[in-house]
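# sequence first, then the predicted structure:
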Amino acid sequence: MRVTTNPQEAAAALAAGHLAALPTETVYGLGARADDPHAIARIYATKGRPADHPLIAHLADIQALDAWGINIPIYAYQLAKAFWPGPLTLVVNRSPRAADFITGGQDSVAVRVSGHPLMREVQQALVLITGDPAIGIAAPSANRFGKVSPTNAQHVIDELGAFTTENDVVLDGGDCEVGVESTIVDCTGDHPRLLRPGAVSLEQVKAITGLPCTTDSKVRASGTLESHYSPVANVELITEDELLDLGFADATVGLIALAHCATPTGVVRLCAPETAADYAQQLYSALREADALQLSTVLAVPPTQTGIGAAIVDRLTRAAHSN
Ligand code: TXA
Ligand code: MG
């Protein structure tokens, strides 16, 4: 795959039916035009992802929501207005535009408007090329199925380069700001249901909609499989006290923890973020670094489980779950 920093080049590749890995504020996505079944089939092949796992359609703007959904509740519009463009995905009842090859045959579709400036340029360029203001870019995270999501262009090349062609591109937009995948909210019921925690918190969803936000959705989401986001190394969650008791470990053990936690003798410090937001931003690079160093184990002291901390604990727990 070719690397470019030009969003027009990425849009042209998409328009021609090729794949384009694209930066968003959360993680990099592996994009294809959402009206092209052959291009979409290549996303599944490139990721090694089962065909019944639905994709997120990335839209140019909030107006396109009505072209993709039907019977959209007021609270979904409230969320879109409050957080788009941004790190939020809404699952709504699908319109005929959301084909089976996007939704995995489900009656709902996941849609998102990203705020990354390069992604926005790609979306706008594709609208101009196709003449379709609601054209979607279907994009899952640009990693092999079940693995850690990429947060920079080099991660994408390392992970997917061998499975792509010279016509596919990766648009280099530097490091992703958020670092973990978007919050997903199921908007098919009478109140919002959280499917995947992210930078938009459950507390924010409640505050904006004035409704309860529960976690009892019956909708399937692969990012909610028990084992996901997994490096090769074994991930173990430990508390700060357990870390203090550890004292010593051998050099095949890595540590992810906030900066104030000291590194036990012998342990490889993978990152030392100052805040929970920095923790999220550095988490996936740290997990990749552990594999690059061929560490056997990654110890992770999670931050408190509020705000984006909930998303970090969620991803670490799934990374820690073996098979
Ligand atoms: O931040 C993100 O959301 C990134 C960037 C690239 O947008 N995308 C991403 O896509 O994480 P992916 O495919 O790796 O994860 C999307 C999740 C999957 O777990 C999928 O099952 C779920 O969204 N999903 C998609 N459509 C759905 C639907 N109709 N109902 C329920 N879940 C859905
Ligand atoms: Mg993913």
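Thanks, I have the structure now. Ligands and ions are numbered 1, 2, ... in the order given.
# can you report how many residues lie near the closest residue in space to Ser230 that isn't next to it in sequence?
Excluding its sequence neighbours, the residue lying closest to Ser230 (CB to CB, 6 or more residues apart in numbering) is Ala319, at 5.2 Å. Every C-beta, even on glycine, is put in place using the N, C-alpha and C of the backbone. For Ala319, the neighbour count with other CB atoms under 10 Å is 25.
# so what does Ala319 look like in phi/psi?
The phi and psi values for Ala319, taken as degrees, to the nearest 10, are phi -60, psi -30.
# show me what contacts it?
Val148, His228, Tyr229, Ser230, Pro231, Val235, Leu287 (CB atoms under 8 Å, 6 or more residues apart in numbering).
# go on, Gly105?
Asp52.
# per-residue pLDDT, the closest residue to Pro54 other than its chain neighbours?
Nearest non-adjacent residue to Pro54, counting by CB to CB, 6+ apart: Gly104, 4.1 Å away. Gly104 carries a pLDDT value of 92.
# quick one, phi psi at Gly104?
Dihedral angles (degrees, to the nearest 10) for Gly104: phi 60, psi 30.
# give me the neighbour count for it.
17.
# what parts of the protein come near ligand 1?
Within reach of ligand 1 by CB under 6 Å from any ligand atom, the chain has these residues: 24, 26-27, 29, 53-56, 89, 91, 103, 106, 108-110, 112, 139-141, 181-182, 184, 195, 219-223.
# just the buried members of these?
Burial by neighbour count, judged by 16 or more other CB atoms under 10 Å, picks out 24, 26-27, 29, 53-56, 89, 91, 103, 106, 108-110, 112, 139-141, 181-182, 184, 195, 219, 221-223 from the residues of the chain next to ligand 1.
# got the CA positions of the helix or strand harbouring Glu203 in PDB?
Secondary structure assigned from DSSP states H and E places Glu203 in helix 202-209. Output of helix 202-209 as PDB, limited to C-alpha atoms (Å, rounded to 0.1, in the frame of the first residue of the first chain):
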ATOM      1  CA  LEU A 202     -22.000   7.200  29.600                       C
ATOM      2  CA  GLU A 203     -22.400  10.200  31.900                       C
ATOM      3  CA  GLN A 204     -22.300  12.600  29.000                       C
ATOM      4  CA  VAL A 205     -24.800  10.500  27.000                       C
ATOM      5  CA  LYS A 206     -27.200  10.800  30.000                       C
ATOM      6  CA  ALA A 207     -26.600  14.500  30.500                       C
ATOM      7  CA  ILE A 208     -27.200  15.400  26.800                       C
ATOM      8  CA  THR A 209     -30.300  13.200  26.400                       C
END
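# need the residues that contact it.
Taking CB under 8 Å, 6+ apart as the rule, helix 202-209 contacts 75, 78-79, 82-83, 183, 185, 191-192, 194, 212-213, 215, 306-307, 310.
# could you rerun that using 6 Å?
Tyr75, Gln78, Ala82, Pro192, Leu194, Cys213 (CB atoms under 6 Å, 6 or more residues apart in numbering).
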